Structure formats: C-alpha cells, structure tokens
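*Asks:* Predicted model and sequence follow; I will ask about them next.
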Amino acid sequence: MSKIKKGVRLDHISKIYQDPKTGKDFYAVKDVSLDIEPGSFVTLLGPSGCGKTTTLRMIAGFESPDEGEIYLGDQPINALTPNKRDTAMVFQSYALLPHYNVFDNVAYGLKLRKVPKEEIRQRVMHILDLVELTGMEGRMTNQLSGGQQQRVALARALVIEPSVLLFDEPLSNLDAKLRVSMRTEIRRIQQEVGITAIYVTHDQSEAMALSDSIIIMNGGVIAQMGSPQEIYYHPDSEFVADFIGEANFLRGTMTGMEGGHAILEIEGNRTPVHPKEGMQTGQTYTAVLRPESAALAETGGLPCKVVLSCFMGSYQNYHVMVGSTLVKLTDYNPKNKRVYKVGETCSLVFDPAFVHIL
Amino acid sequence: MARSQSAALDRKKLMADPVMVGTIVVLIAFLTLFILYPLAILLVDSVYGDDGLTMDIFKRVMAMANFRKAITNTLKVGFLVGVLSAAVGLLFAYVEVYVKVGRGVGGLFKVVSMLPVVSPPFVLSLSMIMLFGKAGLITRFLLHIYDNSVYGFWGIVIVQTLTFFPVCYMMLKGLLKNIDPSLEEAARDMGAGRMKVFTSVTLPLLLPGLGNAFLVTFIESIADFANPMIIGGSYDTLATTIYLQITGAYDKQGAAAMAVVLLTITLLMFAVQKYYLEAKTAATLTGKASRGRMLISDKSVTRPLTALCGLAAAFVIMMYLCVPIGALFPTWGYKFTPLTFKWFGQVFTRYKGFKAFTDSFVLSLISAPITALLSMIISYLVVKRKFKAKGFIEAVSMLAMAVPGTVLGVGYIRGFSGGIFHTGLLQGIYGSAAILVIVFVVRSLPTGTRSGISALRQIDKSIEESAYDMGADSFKVFMTVTLPLIKDSFLSGLVTAFVRSITAISAIILLVTPQFLLITVQINEFAEKGSYSIACAFATILILITYGAVLLMNLFIRFFGTSRKIKEEM
C-alpha cells in the first residue's frame, strides 16, 4: 500500500457513563494518554469493564470522549463521524452483511467510495487472495465457517486501505485451536500490509503473540504499557503481574544486601532475590515469582509442603505451601523426573535473577 | 464530572448528517401535529370556555345520565370481555402448546387467529344478528325462538370476545412456549399431578402475561366503536356516545370533554399494561425453553380439550362464513332459495359500490407505504441510534396505540376544522383526502412500529456499525443494510397497514366528507338501516380484497423476502 502510515494519539481521553442502576456518573475511561507509532501493532488488554472497548470505540467514532482529544496522524478527529474517519474496524461478531455474498461484503466500502468497477474487482480479489479466500467470493456469508467469516471481515476492513485497523476482540467467537492459527494469520497480514493496528482483547496470550506493545487497562485507567517482555518480566503492580501470565506473590522484609542480592525474609527464611533500585532495609516487599521459574528439590531452598500434584501432559502442576503462602509451580517436561506427591515436604528453589520485586 | 463534551460532540456528529437531522425534524413535526396536538386541543377545548378556564363543560357532561351510564356500560363490557378473551385465549394457547392434537385442529387454530386480521371489525356483529337475532337463522328457524334479542350487553360481550380472543391466544402462546419444560417436569418429579402442575407452576408463571392479555383486550374493547354501534342497540358505550354527541347533538365541546374522559381511562390502563405488566411478564418469563416439551397425549385430557377448542373454533368460523353466505340469500330471514348474486350486483349498480371500493382502496394504498416506511424509520431511530429527541419519538408513537379511534376523530375535528388552534392555519386539509390518509397512517403506525422494533432488536447492532464504519452515512446504512434486513417486517407492515386502513372505521367515520365513499362507512350505514344482505355483500368483497392482499404478501415474501438461511443465521 502506497499510503503514508499514520499513528494514533490519545490526549488525556476520558469517557463518563451513567450507571443505569444508581443513576450516578462514573469514569469508564479516565485520563488515558497514548501515542501509537505508525505501523505498530498495539493491544489494549484488560478484564471486562476495564474501558478497553470503550477506548477503541472512541477511536472508531462510535463514542464521543468527554475529555481530551484523539488525533489520527496530526489531525484531531473528535468531531468526525465514524464514516468520515480513516479507520476500519473488525468486529467481535464479524458483523458481515448477511444479505450480501463474500465479494459484495468486501466491495461494500469501495462502492461507497465510488471506485470504478474494474478496480473494485481487482482490489477485492487481491485482498481475498491475501486472506486466503480465493474462490469463495460467490458464497453467502452464512455458508462460511467462523474462521472464514472473520477473514472476510478482515478483508473488508483492509480493502479500503484505512490508516488504522481496529480489532474488537475478533477471535473470541472462535474455538481455541482456530484462535491460535487466526492470530498468527492476523499478525502475518498486518506485517505484510504494514498497517497500524489497535487490538482489543482480554486474552493475554493473544496479546503477547500479536503485539509490538501491550497496554494493560484496569478500572478505566492504564495500568502499564510496554513490550510483552517488559510487561511479563517487569510488571508494575500485582494486578498486572497476575493478569498477564500466572504469578506467585512472596512477601518479605528486607534484612540487607549480600553479594549483589537483596535478602528478603520470606516466611521466616532468608531468601536472596534480584534487587530493584532504592530498596531499603527494614521495608516489606512483594516478590513476583512465575510458576515456570521455580522448581522443587529435596533441599536447598524454601522449605515447603506439596498440597497438589497433577500431571498435565507437558508439565507437572504443583501447589505447595511455603509457610502460609501458596505457590503454584509448573515443572515442564516431567518425564523421568522425580515427581513429588501430595503431603511430601521438600524445598522450593529458584534463581534469584528470575524474581521481580514490585 | 461533566458529560458536556461528549454531548457537544454527539450533536456535532448528528449535524454532520443532514438527512438524519431532516428526518428527525420531519418526524417530530408529524407526531406533534397529528398525534399530540389533536389530543391537546381536546383537553384545551374541554376546560377553556368563553370566559376562560372552566370546569363547566366537564360538569355538564358528567351531569348527563346517559354519559354516566355509558361509562359504567363501557367498563362493564370491557372487564367481562377482557376476562373472557383471556380465558378463551388461554384455552387455545394451552391446547396448542401442551396438548397433542391432530393436524386438522392445528390448522383450525391458524384460521381462527387469522380471521380477525383480514376481516372488517363489525363482521361478527353482522353475523350475530343474522344468526341469533329476531330473524336469526339459528334462533328463529332452527330453535323457533321468535323474540330473541341480541342487541345490548350480551351481544357486545359475545361479539367482542370472539373478535379479540385471538389476540390473547397469540400473546399467551408466545409466553407458554417460553416456559422451560424442565420446571414443570421438576414439579411432576416431586409428585405433583397434572392439575397441580398447572395451578402451582404454569399458571403463576403466566399470571402477569394473563393480566397483560386481559388489559390489552380491555383497552381494545373500550376503544371499539363498530361493534357497539351495530349490535349495541340502545346500550351505549363511550365510543358510540361520543359519536352521537357529535353527529346527533352537534355538541362538539361536550364531545371533546367526553373524549378526554375516554382517553384518560385508556391511557391509565395502557400505562399499567405497558410499564408494569409488560416488564413483569418479561421478568418472569425470560429466555427460551431449553428443549422441546413432552406433549400431553393422555386421552382423558386431549379429548375434552380438543373437542372444546374444536367447537369454539368451528363456531367462530361459522360466524365468519355467515357473511358471504348471507349475501347470497334473496331475502334474509324470509326467502333462502334460489341463491342469488343480486346483492353483489346492487352494490355496484345501485349503491355506488365501485366508487366506494376505489376510494377506500386508493386511500389505503396511498397510506400503507407511508405507514410502513415511517414505522421502519421510527424503529431504526429508536433501536439503533441515540439522540436527544429519541424518547419523545418513541413515547408519542406508542401513545397512539392507547388512543381510541373515536377520540382521535374528535381531536381532528376540533383541531383542524377551524385550522390549527382555530386560527385557520392548515384548515385546507380538513375534509380533504390528505386528512383521511393521515388518520390511516396514525392509526396503523403503532402496530408497524412495534413489529419493526422487535425485528430490529434481533439484528446485531454491529452490522449497521460496520457499514457506518466502512463509510456509509445514515441514509446509506438504512437503505443498504437496515431495510434489506427487515424486509419481511417491512412487507408485512405494508400489508397490515393496508388491511387496517381499508377496514378502519372509528376515527374515519367522524372525518369523512360526502365526496368520499368508504366501504366500512357504507357497511355501517346499511347495517344500521337493517339492510343486512347488502351490508354482507359489501363486507364479503372487502374480506376478499384484504384476504387477497395477505395472500399476495405471503407470495411476495416467499419469492423476494429474506432467504430462510439468513434468518437462521441471525
């Protein structure tokens, strides 16, 4: 596509809704500022009701912000209606026009733009080729599988060559396997076209697989933004750590520094962890330990007792109690490894470098 | 916290869409001028006399013994008709949903529910008189009763019950189908007998729905003009009293005050029905039944119920059949053979039948597409868009449902005969074809809007949003997406509007001028004069026209309507 790529900028955006039960106003989105680079793939991730969809719908123009301004490239677009915005959305329910066939669905936006017939034909066929639906153009949409319908929806959004592509949980109606293959597909096409994409989802693995950067939202505000690695390894808060991936939280008081490690007293055990800047002796800290970063051993770590031991195929799942703290572990590739049984006492070991202090 | 910026932006976005703004403005003007204003002027007229604000007019009409009598008459009839219709409707609905019946009975039910839709409102009154009256086929010639009077309370009650119970039947059928069979199976499992299940599970679940059906019929009965007019005899109801006050006593102010009384009663009931019972019905019966119901096939239950319903259905069908047959007898009540088409001939040769049919036909044909389109636009705006005046548009178009035709007719007379607020403005439309078309439109608008709204609610909002997002403006979205998706609803709205218009009488009889001959008005006149054969001939042709229109619609939907596949999809 020859078009100049455009970024999206949200400048202190807020949206206020009225609670239908109490009649009180509340912030559905509060003071969100974002700068999305042209050509990048950004995901808005969060639990339901966190404001991610509202944010997306404000960018599309279906909702109007109560505070702040939205820019597409350099142009403020607050007052533009959705049909005048250079964005295209892929909906959760596909939202294909049921009375049109595949070709007419994809051609709809081009016809509205009064593109010459021959060019419409070429562009539609080209896009259908891109989403691997060649030969399906004469089908009615209800003759397609869910995955194919979503490809049509994607083709329809791509064909009008928008500056920004918006995705509203597009894969949540598909089954688990198809979801995985479709998200690879979406990433491939986005890279091929080089378009700016904003993607809303509550599925963290989708967000990780797709995005250049992830924006985690909670309660209408941005909890953290960064690359998938940054967010996974260096979460800012318990909410983020818990929402993306699984996390164990170990609380302990710092007793001092030793050999470049901070020593936390966790459940009465002196435990070396990778320090963060500005830590002070005597303060209590929370350490985030990912389930795959720890293992069980006979001795040499935090003493613990196994309360659940469950074979999951690719890994052995353990729940152990360290004092009164529950720690979940995943021990990958368990074949030929010693399997700890429920009730056994053993030791929780991990590399201090894999622990992140909040 | 201020939501002012989004409000301002929403306004700006709306203003960027001139077609939409124009449509909204025209709609508001139409609804205000032709629904709100005529009702408002009634109120103003009845409290504003020569010397300012006064309650004298109300005092005057309330002092009339016949008006007070009419109020109690109307309420008595309405109450009984409501109870009976709900009961008969429940019987039919229960048998259809719960009991294993033969195919024939099922077909019979369909015919019975269809008949009131395609026939003019007073057909049953006609056949009641012809079958059970003094010269009635059954009373006089079969049972040799020579002095049976069908005129009055019982005549109205029977005829209205037969006319309105199919509405209850359709409503209750829908509700019964939504009851999850496992609730009743659970009760059976705990040891309850069939009767106990019905009284302790089915009936309580259905109670708000039954109340709803009762009130809907109650309102219909109160608003009914045609049946009391023909079969009421000296038993006057509010609708007929108001009509006589205007056409007989030329007391327009008195009639206005009476209309206000009638309107108040129906509005109160409508409010209870709409905001209390409807919500309650929805709350107790939500969702779909999870699976099919085991039909009762116990012969001790099926036989009596089937027989009862079969008999009732057969009776209703016989009543309707009486009209075309009656038109074939040489002289009703005296000479039955040889069958003759002379009355049909006379319709056209002596009684200007051709003009009556063309006038009715053309006026209805003009108003039907206007009504259908208008109701689809209103439904679209109400369901799919958000803007400030939306509540107003929805409320006023639903309000029209609660306004009896007679009240609207008096409102139009008061509101337009002297121009708007008696200033002479727009006086030209009074007595013209335009006002008749407008009355037809207003009278059919609520039904069309209601069906449009329920059709649109089933369409995923994001389908229209996606079109909007692709670059279509509101007009384009409506024409290329909304309308094609609710084509069936639009087509049936078209026919319903046509049928309702061509069979309408209550408001139109007050407004029609001698230059137009309308079939329904003609039938009413002949029926009142006692020329039943000619009335029957008119009614038969009318039924044929309406039935033809319904057939045509079904054919049309089959070939051009939304394909079944799309429907399954949604």
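*Replies:* That came through, no problem. Numbers count the residues shown, from 1 in each chain, chains lettered A, B, ... in the order given.

*Asks:* Just give the number of residues close to residue 324.
*Replies:* In the absence of a named chain, chain A is used. Using other Cβ atoms under 10 Å in any protein chain shown, residue A:324 is surrounded by 6 other residues. All C-beta spots, glycine's among them, are computed from the backbone N, C-alpha and C.

*Asks:* other chain: chain B
*Replies:* 16.

*Asks:* List the contacts of the nearest residue to residue B:405 once chain neighbours are set aside.
*Replies:* The spatially closest residue to residue B:405, leaving aside those adjacent along the chain, is residue B:506, at 2.9 Å (Cβ to Cβ, 6 or more residues apart in numbering or on different chains). By Cβ atoms under 8 Å, 6 or more residues apart in numbering or on different chains, the residues touching residue B:506 are B:223-226, B:239, B:404-406, B:409.

*Asks:* Can you convert those residues into TSV and add a column each for neighbour count, pLDDT and secondary structure?
*Replies:* Formatted as TSV, the contacts of residue B:506 follow (neighbours: other Cβ atoms under 10 Å in any protein chain shown; pLDDT from 0 to 100; DSSP: H, G, I helix; E, B strand; the rest coil):
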residue	neighbour count	pLDDT	secondary structure
B:223	25	91	helix
B:224	28	91	coil
B:225	27	91	coil
B:226	27	89	helix
B:239	29	92	helix
B:404	24	92	coil
B:405	23	91	helix
B:406	29	92	helix
B:409	28	92	helix
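
*Asks:* just those now: which is nearest residue B:120?
*Replies:* When the contacts of residue B:506 are ranked by distance to residue B:120 (Cβ to Cβ), residue B:226 comes first, at 7.6 Å.

*Asks:* correct me, but that closest one touches residue B:121?
*Replies:* Yes. Residue B:226 is within contact range of residue B:121, at 4.2 Å (criterion: Cβ atoms under 8 Å).

*Asks:* Please identify the residues of chain B in proximity to chain A?
*Replies:* Residues of chain B lying close to chain A (Cβ under 8 Å from any Cβ of the partner chain) are B:1-7, B:9-10, B:12-13, B:16-17, B:460, B:462-463, B:465-473, B:476, B:480-481, B:484-485, B:562, B:565-566, B:568-570.

*Asks:* how far away is residue B:303 from chain A?
*Replies:* 44 Å (Cβ to the nearest Cβ, to the nearest Å).

*Asks:* Residue A:161 in helix, strand or coil?
*Replies:* coil (DSSP: H, G, I helix; E, B strand; the rest coil).

*Asks:* Could you give me the ChimeraX syntax to select whichever of the residues of chain B next to chain A are buried?
*Replies:* Under the burial definition 16 or more other Cβ atoms under 10 Å in any protein chain shown, those of the residues of chain B next to chain A that qualify are selected in ChimeraX by:
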select /B:3,5,6,9,10,13,16,17,460,462,463,465,466,467,468,469,470,471,472,473,476,480,481,484,485,562,566
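
*Asks:* that older thread, would you reformat the contacts of residue B:506 as JSON lines and include distance to residue B:295?
*Replies:* As requested, the contacts of residue B:506 are exported to JSON lines (distance: Cβ to Cβ, whole Å):
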{"residue": "B:223", "distance to residue B:295": "37"}
{"residue": "B:224", "distance to residue B:295": "36"}
{"residue": "B:225", "distance to residue B:295": "41"}
{"residue": "B:226", "distance to residue B:295": "39"}
{"residue": "B:239", "distance to residue B:295": "42"}
{"residue": "B:404", "distance to residue B:295": "40"}
{"residue": "B:405", "distance to residue B:295": "41"}
{"residue": "B:406", "distance to residue B:295": "44"}
{"residue": "B:409", "distance to residue B:295": "47"}
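
*Asks:* In chain B, where is pLDDT below threshold?
*Replies:* Scanning chain B for pLDDT under 70 picks out B:1, B:282-291, B:333, B:561-570.

*Asks:* can you give me the strands in it?
*Replies:* With strands called from DSSP state E, chain B shows them at B:48-49, B:52-53.

*Asks:* ok, residues contacting the helix ranked longest in chain A?
*Replies:* Ranked by number of residues, the top helix in chain A under DSSP state H is helix A:176-193. Helix A:176-193 is contacted by residues A:1, A:41, A:130-131, A:146-147, A:150-151, A:154, A:158, A:165, A:167, A:170-171, A:174, A:197, A:203, A:206, A:209-210 when judged by Cβ under 8 Å, 6+ apart.

*Asks:* Stretch A:249-268 too?
*Replies:* With Cβ under 8 Å, 6+ apart, stretch A:249-268 has contacts from A:238, A:241, A:270-275, A:279-289, A:302, A:322-325, A:327, A:352, A:355, A:357.

*Asks:* Equivalent analysis for stretch A:301-317, please.
*Replies:* Under the contact criterion Cβ under 8 Å, 6+ apart, stretch A:301-317 has outside partners A:266-267, A:269, A:271, A:296, A:318-322, A:326-334, A:337, A:339-350.

*Asks:* Could you identify the buried members of those residues?
*Replies:* Listed as buried from these are A:266-267, A:269, A:271, A:296, A:318-322, A:327-331, A:334, A:340, A:346-348, A:350; burial here means 16+ other Cβ under 10 Å.

*Asks:* Spatially central residue in chain A, please.
*Replies:* residue A:207 (2.8 Å; Cα atoms, centre = their mean).

*Asks:* Check which helix or strand that one maps to.
*Replies:* Using DSSP states H and E, residue A:207 sits in helix A:204-210.

*Asks:* Near chain B, which residues of the stretch 101-250 of chain A are found?
*Replies:* So far as Cβ under 8 Å from any Cβ goes, the stretch 101-250 of chain A lies against chain B at A:108-109, A:112-113, A:140-143, A:153, A:156, A:160.

*Asks:* nearest spatial neighbour of residue B:399, skipping sequence neighbours?
*Replies:* Spatial nearest neighbour of residue B:399, excluding adjacent residues (Cβ to Cβ, 6+ apart): residue B:35 at 6.6 Å.

*Asks:* okay but that neighbour is in contact with residue B:400, surely?
*Replies:* Yes. The criterion here is Cβ under 8 Å, and residue B:35 meets it with residue B:400 at 5.2 Å.

*Asks:* Secondary structure element holding residue A:319?
*Replies:* Counting by DSSP H and E, the element that carries residue A:319 is strand A:315-322.

*Asks:* picking that back up, buried by neighbour count, from the contacts of stretch A:249-268: which ones?
*Replies:* A:241, A:271-273, A:275, A:285-289, A:302, A:322, A:325, A:327, A:352, A:355, A:357.

*Asks:* Bridge partners for the nearest residue to residue B:98 once chain neighbours are set aside, pull those for me.
*Replies:* Using Cβ to Cβ, 6+ apart and skipping residues adjacent in sequence, the residue nearest residue B:98 is residue B:296, 5.6 Å away. Counting by DSSP bridges, residue B:296 is bridged to residue B:99.

*Asks:* Pull the number of nearby residues for residue B:296.
*Replies:* 17.

*Asks:* Distance check, it against chain A.
*Replies:* According to Cβ to the nearest Cβ, residue B:296 and chain A sit 37 Å apart.

*Asks:* ok, residue B:522 - how many residues close by?
*Replies:* Residue B:522, neighbours per other Cβ under 10 Å, totals 24.

*Asks:* quick one: it from residue B:302, how far?
*Replies:* 45 Å (Cβ to Cβ, to the nearest Å).

*Asks:* now swap in residue B:172 and tell me
*Replies:* 19 Å.

*Asks:* With residue B:445 instead?
*Replies:* Counting by Cβ to Cβ, the separation of residue B:445 from residue B:302 is 42 Å.

*Asks:* quick one on the thing from earlier: give me every residue that touches the residue nearest to residue B:98.
*Replies:* Here residue B:296 is in contact with B:98-100, B:194, B:302 (Cβ under 8 Å, 6+ apart).

*Asks:* hmm, try it at 7 Å
*Replies:* Contacts for residue B:296 (Cβ atoms under 7 Å, 6 or more residues apart in numbering or on different chains) come out as B:98-100, B:302.
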